[in-house]
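Visitor: Here is my input; please provide its structure:
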Amino acid sequence: MSSLISVKASFQNEIRKITLESKTLCSITALQTILKKLFTNLPLSYTLQYQDQENDRITFDRDWELKEALNSAQQVKPSPVLKIFITPKLNVSRTSKILEHLKTYSEEIHSASLFNTSYQAGVVQHVTLPSRTLVKPGVPLKKIWIVSNTGKKDWPKTTALVYSNGAVMKAAKRVHVGSLKVGSMKAIEIAFESPYKPGNHVSYWFLSLGAERKRACGQFSINIIVKSPRMIAKPASYRVQPSAPRGCVTKILSTNQRLSTKKNPNEKFYTIYKIQNCGKIDWPKATAVYHITGNKFQVKTPIEVGAVKPGKSVEVVLPCVAPQKSGKYCTYWTLAIAKDIQDRFGERLYLEVVVKEPESSKILIEEKN
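Guide: As a prediction, this is how the structure comes out:
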């Protein structure tokens with residue numbers, strides 16, 4: 001079997017080729033890393049297919065299916081070639097919602113054209129957060145537009161920006177704008193919070209002339225993309241809550257577990273974090289590790305940490321057990337005062353584990369094939 005293999009990847013009428021060692025394609029994750037380097041415009045979610053000896057396209061998304069694709073490519077003479085086709089996944093539910101929003105907008109715009117033809121608005125500038133801006137999850141933000149009265153009448157004092165549909169993002173449903181003369185400009189500001197769910201979030205707004213919720217003029221949108229944990233360079237730190245000890249600051253120096261570390265089902269392992277007190281005061285004696293969210297990996301919390309002086313570090317050992325079912329699991333822990341989990345501080349302790357498929361299931365799948 002040849003050690004070198006050529007990979008031809010096709011995405012959006014663009015074909016790229018790379019030759020590498022077959023052992024480099026050891027997993028789906030490794031293949032996706034290579035594809036990201038070949039195509040900078042890859043979507044967050046897509047389907048992979050390879051072409052077999054009978055010129056059929058076979059969908060694959062597991063490591064053992066990738067091995068089948070490599071075995072098929074090795075049969076190509078004179079040199080092995082693996083042909084891969086990348087297709088973006090279409091979110092049907094999201095598409096239907098967008099179509100519903102567009103239908104609502106067409107009806108509202110038609111109604112506005114019948115009764116409010118003298119009132120017009122135009123966006124002169126997006127001062128903050130241009131369309132599809134990347135943001136972190138759960139962060140307070142402000143969207144500011146510079147708008148102009150491009151109509152034939154002055155806007156009344158009761159003019160307001162009203163929420164229509166889309167993502168709410170903890171924003172007020174109605175923001176006062178006030179009067180504006182024809183040809184004049186004004187800044188409109190909305191305070192909101194980015195969602196915790198990664199992906200594209202869009203919120204739609206319109207200008208209303210009075211207390212009634214009727215579209216007067218203009219269409220405004222907030223369009224942001226919330227980063228996934230993989231897109232964030234460093235783990236986000238928790239803000240110090242009002243009841244948390246002030247001045248308690250942490251820094252994760254190291255951990256013995258890599259990102260997406262692979263484990264067997266029900267495998268026992270230890271996760272060790274080396275954490276430094278980089279603040280100016282001692283941590284309280286009641287400091288302990290608490291679970292926030294995600295799979296608990298059968299770790300019984302709280303785990304006592306105790307007092308740590310400034311500049312000193314401590315190792316926190318978490319005895320974990322991998323889940324029984326194969327798949328990807330992640331979790332978050334935090335340091336907190338034992339009397340109340342809300343009194344938490346410092347960086348979150350993050351763990352991501354990929355549970356392998358049992359060898360018995362692989363054999364059964366191979367026998368069926």
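Visitor: hey, let's count contacts and neighbours off CA atoms from now on
Guide: Noted.
Visitor: my read: residue 83 touches residue 15, true?
Guide: No: here residue 83 does not reach residue 15: they are 9.8 Å apart, not a contact under C-alpha atoms under 8 Å.
Visitor: Which neighbours do those two have in common?
Guide: 8-9 (C-alpha atoms under 8 Å, 6 or more residues apart in numbering).
Visitor: Which of the two has more residues huddled nearby?
Guide: The neighbour comparison of residue 83 against residue 15 (other C-alpha atoms under 10 Å) goes to residue 83, with 20 against 14.
Visitor: what pairs with residue 252 across the strands?
Guide: On the basis of DSSP bridges, residue 252 is bridged to residue 275.
Visitor: which residues sit in contact with the spatially closest residue to residue 204 that is not a sequence neighbour?
Guide: Counting by C-alpha to C-alpha, 6 or more residues apart in numbering, residue 204 lies nearest to residue 221, which is 4.5 Å off, once chain neighbours are set aside. Residues counted as contacts of residue 221 (C-alpha under 8 Å, 6+ apart) are 202-205.
Visitor: Serialize those residues to TSV and add fields for pLDDT and distance to residue 137.
Guide: Shown next, in TSV, are the contacts of residue 221 (pLDDT from 0 to 100; distance: C-alpha to C-alpha, whole Å):
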residue	pLDDT	distance to residue 137
202	90	14
203	89	16
204	86	20
205	85	22
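Visitor: Tell me which of those residues fall in strands.
Guide: 202-205 (DSSP state E).
Visitor: Kindly indicate which of the contacts of residue 221 lies nearest residue 118.
Guide: residue 205 (19.4 Å; C-alpha to C-alpha).
Visitor: bridging residues for the closest one?
Guide: Here residue 205, judged by DSSP bridges, has bridge partners residue 163, residue 220.
Visitor: my guess is it meets residue 166, correct?
Guide: No: contact criterion C-alpha under 8 Å: residue 205 and residue 166 do not qualify, at 9.0 Å.
Visitor: Follow the chain on from the lowest-mean-pLDDT helix or strand in the chain and name the next helix or strand.
Guide: Using mean pLDDT, DSSP states H and E, the weakest-scoring helix or strand in the chain turns out to be helix 92-115, at a mean of 51. Per DSSP states H and E, helix 92-115 leads on to strand 121-126 as the next helix or strand towards the C-terminus.
Visitor: CA atoms of that following strand as CSV?
Guide: Taking Å, rounded to 0.1, in the frame of the first residue of the first chain, the C-alpha atoms of strand 121-126 are listed here in CSV:
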residue,chain,number,x,y,z
ALA,A,121,-35.9,56.8,6.5
GLY,A,122,-32.4,55.8,5.3
VAL,A,123,-29.4,54.4,7.0
VAL,A,124,-26.4,56.7,6.5
GLN,A,125,-23.8,54.7,8.5
HIS,A,126,-23.5,51.6,10.7
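Visitor: elements contacting it?
Guide: Applying 3 or more C-alpha pairs under 8 Å, 6 or more residues apart in numbering; DSSP states H and E, we find strand 121-126 packed against strand 140-149, strand 217-226.
Visitor: Walk me through which strands the first one pairs with, and which way each runs.
Guide: Right, the one you point to is strand 140-149. According to DSSP bridges, strand 140-149 forms sheet pairs with strand 121-126 (antiparallel), strand 185-193 (antiparallel).
Visitor: Phi first, then psi, for the spatially closest residue to residue 273 that is not a sequence neighbour.
Guide: Once flanking residues are discounted, residue 273 sits nearest to residue 255: 4.6 Å by C-alpha to C-alpha, 6+ apart. For residue 255, the backbone dihedrals (degrees, to the nearest 10) come out as phi -150, psi 150.
Visitor: Now for residue 255, how many residues are close by?
Guide: Residue 255: 17 surrounding residues under other C-alpha under 10 Å.
Visitor: now residue 65: how far from residue 35?
Guide: Distance, residue 65 to residue 35, by C-alpha to C-alpha, to the nearest Å: 17 Å.
Visitor: Please apply the same query to residue 283.
Guide: According to C-alpha to C-alpha, residue 283 and residue 35 sit 45 Å apart.
Visitor: more crowded one of the two?
Guide: Using other C-alpha under 10 Å as the criterion, residue 283 and residue 35 rank with residue 283 on top: 24 against 20.
Visitor: show me the contacts for the nearest residue to that one once chain neighbours are set aside.
Guide: Spatially, and ignoring its direct neighbours in sequence, residue 283 is nearest to residue 307 (4.8 Å; C-alpha to C-alpha, 6+ apart). Residue 307 makes contacts with 282-287, as judged by C-alpha under 8 Å, 6+ apart.
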